[in-house]
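> This is a predicted model, with the sequence first.
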Amino acid sequence: MAENRPYPKTMGSPPSVNVARLTYLLVCEAAGVAIALSTKGTPIEVPMSTGLLGGLGVAALFIWVETLMKGFTLRGFSTATFGLGVGLFCAWLLTRVQVSNLLELAFREQLESRENSDALINSLRLAIDVTLFASLGFLGAVLSLRGNRDDFAFIIPYVRFRQDASTGQPVVLDSEAVIDGRVIGILRSGFLHGRLIVPRFVLDELQTMTDSGPGGTRQRAQRGLDHLERMQQAGDIQVSIHDTPPPREGETPNSRLIETTRLLGARLLTVDENLAKVARLQGVDVLNIHELDDALKPAVAVGQRLRIALVRTGKEDHQAVGYLPDGTMIVVNHSVARLGTTADVVVVSTLQTTSGLMVFAEPYTAGSSAS
């Protein structure tokens with residue numbers, strides 16, 4: 001039975017969120033005390049204990065609401081930005097115009113004989129405004145703190161933060177790229193820059209493969225989770241789990257991956273040839289590890305002279321086989337007698353196969369044409 005492996009650790013609430021919670025709690029308590037003090041000696045006097053409990057209750061309510069919004073980051077928040085902004089502006093106008101009048105009408109009879117009625121209304125209005133703006137500001141600040149700088153691309157399209165110029169575009173990984181394991185080496189070599197992003201549904205896919213996949217698939221997925229954990233623990237690599245919604249009904253994981261990459265303004269890192277082709281057709285920048293590997297292999301041309309070690313026999317009795325440093329196999333005709341030695345050979349033909357490039361050569365002689 002497969003061992004249940006936990007997800008790699010993800011980023012929890014930043015310490016700044018806890019500081020914001022504490023600050024908001026103190027503001028609410030101060031507002032409660034201010035209300036109690038402003039009503040002292042009036043017919044609607046609020047006891048100090050009631051003010052403190054009221055402030056605590058308001059803070060507890062909004063902090064509870066904030067904890068329910070942990071999965072609601074700037075990505076979702078941005079879709080309602082304009083509507084929310086218009087609503088808040090209208091509410092602000094109504095509040096500024098009507099609050100003092102409403103308070104005066106509500107308490108006219110109780111306060112008409114009081115000399116400090118205007119001061120009381122102003123104090124109550126100030127306390128209400130502070131509580132209102134502090135509450136909405138708190139929720140907006142926490143949403144911002146829980147997001148990351150790439151999420152702001154949803155609100156301000158095509159605007160990148162200054163730091164991106166040095167770190168590069170973010171890079172979205174699919175499950176195959178996570179399993180491949182060469183990402184760490186590519187980043188540390190300096191050929192690739194940018195923060196790594198693993199969508200949540202990709203992590204869920206790896207976890208499902210680990211729990212219920214066939215033997216070989218289970219081992220590959222487990223290796224992928226190990227690679228991801230190593231990347232998160234590495235101090236020189238930035239990697240985060242993005243709370244991307246899972247694919248909708250009728251939508252494939254690859255389609256969701258391409259959509260997420262495009263919305264984040266990122267590049268897609270993969271080893272899947274079909275996914276790479278579809279993503280490029282949709283205008284997404286793709287980094288294919290296999291293409292990078294092929295580009296780094298030395299080009300072998302017909303007529304080129306090579307010096308290789310012949311290590312084993314080939315398919316035919318007269319053939320000997322050697323290998324280039326990158327693993328390319330060289331089949332040398334009429335060289336079986338020279339097994340175990342290093343020989344000069346001339347390339348006569350090449351053959352591209354699904355497993356790689358196969359090169360055929362002949363022993364080099366003084367009359368052979370070589371480049």
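Everything's here; your move. Not measured: the values here are computed from a predicted model.
> How much space separates residue 186 from residue 280?
From residue 186 across to residue 280, the span is 20 Å (CB to CB, to the nearest Å). All C-beta spots, glycine's among them, are computed from the backbone N, C-alpha and C.
> An error on my part: the question was meant for residue 351.
27 Å.
> okay, those two: which has more neighbours?
With neighbours defined as other CB atoms under 10 Å, residue 351 and residue 280 compare such that residue 280 has more, 14 against 10.
> Quick one: residues contacting the more buried one.
Contact partners of residue 280, counting by CB atoms under 8 Å, 6 or more residues apart in numbering, are residue 286.
> Repeat that for residue 228.
Residues near residue 228 by CB under 8 Å, 6+ apart: 8, 178, 198, 203, 206, 239.
> I'd like those residues laid out as CSV, including neighbour count.
Formatted as CSV, the contacts of residue 228 follow (neighbours: other CB atoms under 10 Å):
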residue, neighbour count
8, 21
178, 25
198, 26
203, 21
206, 25
239, 23
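> Can you name the two of those that sit furthest apart?
Maximum pairwise distance among the contacts of residue 228 (CB to CB): 13.9 Å, between 206 and 239.
> domain ranges for this protein?
Listed by automatic domain parsing, the domain ranges of the chain are 15-147, 164-295, 298-363.
> So which of the ones you listed is the most surrounded?
domain 164-295 (a mean of 17; mean count of other CB atoms under 10 Å).
> How much space separates residue 259 from residue 205?
Taken as CB to CB, the span from residue 259 to residue 205 is 16 Å.
> what's the answer for residue 196, then?
Distance of residue 196 to residue 205, given as CB to CB: 17 Å.
> do the same with residue 348
Going from residue 348 to residue 205 by CB to CB gives 46 Å.
> helices and strands of the protein: which one has the lowest mean pLDDT?
Lowest mean confidence among the helices and strands of the chain (mean pLDDT, DSSP states H and E): helix 164-167, at a mean of 47.
> Pretty sure residue 36 sits against residue 48.
Yes. The pair residue 36 and residue 48 passes the contact test of CB atoms under 8 Å, sitting 4.7 Å apart.
> any idea which helix or strand comes after the helix or strand harbouring residue 310?
Per DSSP states H and E, residue 310 falls inside strand 305-313. Scanning forward in sequence from strand 305-313 by DSSP H and E, the next helix or strand is strand 320-323.
> For that following strand, give me every contacting residue.
By CB under 8 Å, 6+ apart, strand 320-323 touches 308-314, 329-332, 335-336, 338-339, 343, 345.
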